[in-house]
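Participant: Model the following, please.
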Amino acid sequence: MYKLKKLNLRFYIGFSILAFVYGLVGTIINLLRGFDLSFPGGDWLFPLFIAQGIIFFFSGYQQLKRGKCFIECGEQELRYLLPKAKAVESVTIADIEQLKMDGIEIYIQAKGFEHKIRLELIEWQELNLVKALIKDLSLRLKLNNA
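Facilitator: Got it, this is the predicted structure:
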C-alpha cells in the first residue's frame with residue numbers, strides 16, 4: 001500500500017550506520033586524548049554524528065515497517081495491517097453489516113465490531129485501488145444481503 005524505493009531506503013540506513021560508526025570512533029579517540037567540553041567548538045562534532053546516525057536509522061526502520069502495510073480482500077475475509085498496528089487484523093465478510101469509504105477513511109461496522117481505518121500518506125494510485133476494492137466489497141455485501 002505504501003510505495004518505497006528500496007534502494008533509497010538502503011542508502012538511508014547505510015548512511016545512518018556509517019554516520020554512527022564514524023561518530024563513535026571519533027568520540028572514542030577524543031575521549032582517549034581528552035575530550036574538550038567547551039561549547040561552541042570542542043569535540044562535539046562526533047557525538048552529533050552518533051545522534052544523527054541513530055535518528056536516521058530509526059527513520060529508515062519506520063519506513064521499512066510502513067512498507068509492510070496492506071489491505072486485501074479474499075472470499076471469506078477482509079484483512080489489513082496498518083502502520084501503527086502490531087498484528088494483522090481481519091474481519092469476516094459475512095459479519096460486516098456496513099462498509100463505507102469517505103475520502104481517506106474506511107468505516108467498518110460488523111457484529112460487535114466497529115473500526116475506522118485512516119489511510120494516510122499513501123499515493124493516489126494506491127488510494128484509488130483501495131477505493132475500488134471497498135466499492136467491490138460493498139457491492140458484494142449488498143448482493144449477499146438482498
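
Participant: I figured S59 was touching Y12, is that so?
Facilitator: Yes. At 7.3 Å, S59 counts as touching Y12 under the criterion of Cβ atoms under 8 Å. Where you see a C-beta, it was placed from the backbone N, CA and C, and this is true even at glycine.

Participant: what stretches of this protein score poorly on pLDDT?
Facilitator: 1-7, 65-68, 83, 121, 145-146 (pLDDT under 70).

Participant: quick one, helices of it?
Facilitator: Here the chain has its helices, by DSSP state H, at 6-33, 45-66, 124-145.

Participant: now the angle from the first one to helix 45-66?
Facilitator: What separates the directions of helix 6-33 and helix 45-66 is an angle of 150 degrees, with axes from the mean of the first three to the mean of the last three Cα atoms, to 10 degrees.

Participant: one step back: go through the helices of the chain and name the closest to G103.
Facilitator: Closest to G103 of these, according to Cβ to Cβ: helix 124-145, at 9.3 Å.

Participant: From I104, how far off is the closest residue to Y12 other than its chain neighbours?
Facilitator: Nearest residue to Y12, sequence neighbours excluded (Cβ to Cβ, 6 or more residues apart in numbering): G60, at 4.6 Å. When distance is defined by Cβ to Cβ, to the nearest Å, G60 is 25 Å away from I104.

Participant: of those two, who's got more company?
Facilitator: G60 (20 against 14; other Cβ atoms under 10 Å).

Participant: Was I right to think the more buried one contacts L9?
Facilitator: Yes. The criterion here is Cβ under 8 Å, and G60 meets it with L9 at 5.8 Å.

Participant: on that earlier part again, have a look at S59 and Y12 and say which one is more surrounded.
Facilitator: For S59 versus Y12, the count of surrounding residues by other Cβ under 10 Å is larger for Y12: 17 against 13.
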